[in-house]
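A.B. asks: pasting the sequence and the predicted coordinates here, then a few questions.
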2 protein chains.
Amino acid sequence: MTYRIGEVAKKLGISTSALRFYDAHGLLPFVQRDAQGNREFTDNDLNYLDVITVLKKSGVPVATIADFIKLCMQGDDTLVQRYAYLEDTEQALDEQIRALKRQKAFLKFKQWYYQTAIEAGTETIHFKAGTHDFDPEAKREYLRLHPEAVDFAHFVED
Amino acid sequence: MTYRIGEVAKKLGISTSALRFYDAHGLLPFVQRDAQGNREFTDNDLNYLDVITVLKKSGVPVATIADFIKLCMQGDDTLVQRYAYLEDTEQALDEQIRALKRQKAFLKFKQWYYQTAIEAGTETIHFKAGTHDFDPEAKREYLRLHPEAVDFAHFVED
DNA sequence: CCTTGCCTTAAACCTATGTTGAAGGTCTAA
DNA sequence: TTAGACCTTCAACATAGGTTTAAGGCAAGG
């Protein structure tokens, strides 16, 4: 049983133009055509599209995914390469997660900054007296209250 | 004490062209100019640049960051708005982290898939007999061995 | 037979986020 | 006083990842 491009688009939530774009860039070499030249997607092709979708969401560029798919088409000789490839992707993913957590720690600090400012009715409590400049003491104060936030101590240079 | 654009670029690891681009797009309304028209960055401006950097790394578009900076320039009346803004950004960050973790769970499955294929010397152990089509049994088998991976059960439709 | 709804390709277009280059100003040190 | 190292603006270019549009083919229903 096969699917037409429009059905696949609906099933997977990918636009038909994106699917054609992927095909044009070598991500779908396995998709066959019918007598009229229309693409015929099999269930197995959808499995490949799941892999492609995950790699895309992991931030892997289309050209790099195309390399991986090429390896897949080459059979058992490339198994080790493909495994290494996925390990690299996983490491990149881990680094992205770590980076986002650092951004989150900083946002948490800024939320505390605004929360306390809102309670005080004014942001000036965080400024150096007589200026509109941040008092670095604010960051130190926060780190005293939230020692778990050392992750973002990177931002405290003082 | 002030810094010139090149010093700031070196200090923060942002190119001078990117800094000028941010200025042109309203992210640096606080930066003053000297008699020659050169930008003069203060230490406090660098604090704002830290905030901008974090928002950027959190995936917030430049135009949206500009809105936030505008609120910052408007004083205490916008404290609650600014807090809400940061909460929204944090939620978006949490969702990104959750999404990356789902991608990672799928990659882990694929790593198992290749690990076992490498041990067997061939990928065919995961195919339906006589075909090159994935046997959905592989996913079920993996979930039996790794019940913690239900996160990605989304991908198991069978 | 004609309309509707799919599908096809190729090429042009779009958005975000910068980068690069041209043309010129200022300051400092030799 | 001239060379070098900065800085300025403005406009053109680049890149990724699609989307849109134009022009056309095939098949089914009325």
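C.D. replies: Nice, thanks for sending it over.
A.B. asks: how about the longest strand out of those in chain A, does it get close to DNA strand C?
C.D. replies: Counting by DSSP state E, the longest strand found in chain A is strand A:39-42. Yes. Counting by CB under 7 Å from any atom of the strand, contacts between strand A:39-42 and DNA strand C involve residue A:39. From N, CA and C alone the C-beta is placed, and that goes for glycine too.
A.B. asks: tell me the buried residues in the helix or strand just after that strand?
C.D. replies: Sequence order places helix A:43-57 as the next helix or strand after strand A:39-42, per DSSP states H and E. By 16 or more other CB atoms under 10 Å in any protein chain shown, the buried positions in helix A:43-57 come out as A:45, A:47, A:48, A:49, A:50, A:51, A:52, A:53, A:54, A:55, A:56.
A.B. asks: run through the neighbouring helices and strands of helix A:43-57.
C.D. replies: Packing partners of helix A:43-57 (3 or more CB pairs under 8 Å, 6 or more residues apart in numbering or on different chains; DSSP states H and E): helix A:5-12, helix A:62-73, helix B:79-120.
A.B. asks: now that helix: how far from the chain's centre is it?
C.D. replies: 16 Å (CA atoms, centre = their mean, to the nearest Å).
A.B. asks: what's the helix or strand for the most far-flung residue of chain A relative to its centre?
C.D. replies: Relative to the mean C-alpha coordinate of chain A, counting by CA atoms, centre = their mean, the farthest residue is residue A:130 (43.2 Å). Residue A:130 belongs to no helix or strand when assigned by DSSP H and E.
A.B. asks: do you know how far it is from residue B:130?
C.D. replies: 82 Å (CB to CB, to the nearest Å).
A.B. asks: got the angle between the worst-scoring helix or strand of chain A on mean pLDDT and helix A:79-120?
C.D. replies: Among the helical and strand segments of chain A, the one scoring lowest on mean pLDDT, DSSP states H and E is helix A:137-145, with a mean of 81. For helix A:137-145 against helix A:79-120, the angle by axes from the mean of the first three to the mean of the last three CA atoms, to 10 degrees is 110 degrees.
A.B. asks: does anything pack onto helix A:137-145? Which helices or strands?
C.D. replies: helix A:79-120.
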